[in-house]
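> just to be clear, the model below is a prediction. Sequence and coordinates:
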Amino acid sequence: MDVFEAIRTRRSVHKYADKPVDWDKVVTILEAGKFAPNAGNLSNFKFITIRDEDARKKIANACLQQHWMAQAPVHIAIVSEPEKSRRFYGVRGERFYTIQDCAAAIENMLLTAHSLGLGSCWVGAFQEEKLRELLQLPESIMIHAVIVIGYAAEKPVMPPKYRIEHYVFLEKWGQKKNIPFSSMGWWSVRTEKAVREAGKKLKEQQEFLVSALPGVGLQTAKLLLEHFGSVRALVNASPEEITKIKGVGEKTAEKLIKMFGEEYKVL
Ligand SMILES: Cc1cc2nc3c(=O)[nH]c(=O)nc-3n(C[C@H](O)[C@H](O)[C@H](O)COP(=O)(O)O)c2cc1C
């Protein structure tokens, strides 16, 4: 799995199978945290790894009764010593770098878990004092998150995400003028790659559409490709063109217009 694929397909998992995770895999995940970029290479993070079932139940309870967490056989609490960063970088180190260092480590760990076939979830909602007591943390230690890891017993769908142009300004705050949108948006790295891999074969393009467009079946995919000739042309279609496709119902057309014509991004 390449990095972008791992980033795109990682999901927060809330249901876990009753299956242990090999310690070697846990260590790989911890290593991934270690390799995260961090201010001044101070490596100001510690990963408290919890496997005991009773302890996991108590942690789930301390995380505002997120009881589902206890199913995951591994919990990792990410903590830091803000004072250590303060010594080097003052308030900026204490308040800013410490948090960013730990966030980078967490994301590395989640992606690595995913690449190893494991599900995970970042949990930031917790009662600090309860967790502090459970993990026996001295006052000087800051808790950033608990991540849970295990074999997923669900396949969460991707939550809605905005199209890329929603997030991007060019050169300065607020500037959207002159962004080459044709190479952004829904038609982006993922689509480009999928279509390239499909080798322009019609059947594969049909299958790609079925997998990529929620609610679109094979019959509709065929109609869309017959009408537009390619995935690229479909993606760039105007709402008027979409409503003209013969055999595609009003509701499906509305959905397609929403996907391609508006800001909201479903993929
Ligand atoms: C700082 C932070 C705190 C979070 N806290 C929780 C949490 O307490 N419980 C939970 O179920 N998910 C939590 N999440 C996961 C988000 O809900 C999830 O990443 C988001 O809904 C997007 O879904 P995805 O991860 O599947 O893309 C947290 C994520 C972040 C970055």
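Thanks, I have the structure now. Residues are numbered from 1 along each chain as shown.
> how near is the residue in the stretch 51-200 of the chain that the ligand sits nearest to to residue 4?
As assessed by C-beta to the nearest ligand atom, the ligand sits closest to residue 124 within the stretch 51-200 of the chain, at 2.7 Å. Every residue, glycine included, has its C-beta placed from N, CA and C. Distance, residue 124 to residue 4, using C-beta to C-beta, to the nearest Å: 25 Å.
> so does the longest helix out of those in the chain get close to the ligand?
Longest helix in the chain by number of residues, with DSSP state H as the criterion: helix 98-115. No - taking C-beta under 6 Å from any ligand atom as the criterion, helix 98-115 and the ligand are apart, separated by no less than 7.6 Å.
> tell me the mean pLDDT for that helix?
For helix 98-115, mean pLDDT rounds to 98.
> output the contacting helices and strands for that helix.
Other elements packing on helix 98-115 under the criterion 3 or more C-beta pairs under 8 Å, 6 or more residues apart in numbering; DSSP states H and E are helix 3-9, helix 23-34, strand 74-80, helix 82-92, strand 119-123, strand 142-150.
> again, only using 7 Å
In terms of contacts (3 or more C-beta pairs under 7 Å, 6 or more residues apart in numbering; DSSP states H and E), helix 98-115 is packed against helix 3-9, helix 23-34, strand 74-80, strand 119-123, strand 142-150.
> for the ligand, what are the nearby residues on the stretch 1-150 of the chain?
Neighbours of the ligand within the stretch 1-150 of the chain, by C-beta under 6 Å from any ligand atom: 11, 12, 66, 121, 122, 123, 124, 125.
> ok, the residue of the stretch 51-200 of the chain closest to the ligand touching residue 145?
Yes - using C-beta atoms under 7 Å, residue 124 is in contact with residue 145, at 5.0 Å.
> which one's more surrounded, these two?
residue 145 (19 against 12; other C-beta atoms under 10 Å).
> which residues does the more buried one contact?
78, 106, 122, 123, 124 (C-beta atoms under 7 Å, 6 or more residues apart in numbering).
> now swap in residue 6 and tell me
Per C-beta under 7 Å, 6+ apart, neighbours of residue 6: 111, 114, 115.
> any of these buried? List them.
Buried members of those, scored by 16 or more other C-beta atoms under 10 Å, are 111, 114, 115.
> pretty sure the first one sits against residue 9.
No - Residue 111 lies out of contact with residue 9 (C-beta under 7 Å); the separation is 10.0 Å.
> okay, now residue 59: neighbour count?
So residue 59, with other C-beta under 10 Å, has 24 neighbours.
> hang on, it in a helix?
Yes - assessed with DSSP: H, G, I helix; E, B strand; the rest coil, residue 59 lies in a helix.
> if the residue nearest to it when sequence neighbours are not counted is in a bridge, with which residues?
Ranked by C-beta to C-beta, 6 or more residues apart in numbering and with sequence neighbours excluded, the top spatial neighbour of residue 59 is residue 75, at 5.5 Å. With DSSP bridges applied, residue 75 shows beta-bridge pairing to residue 50, residue 148.
> pretty sure residue 75 contacts residue 148?
Yes - using C-beta under 7 Å, residue 75 is in contact with residue 148, at 5.4 Å.
> which one of the two has more residues nearby?
The neighbour comparison of residue 75 against residue 148 (other C-beta under 10 Å) goes to residue 148, with 29 against 23.
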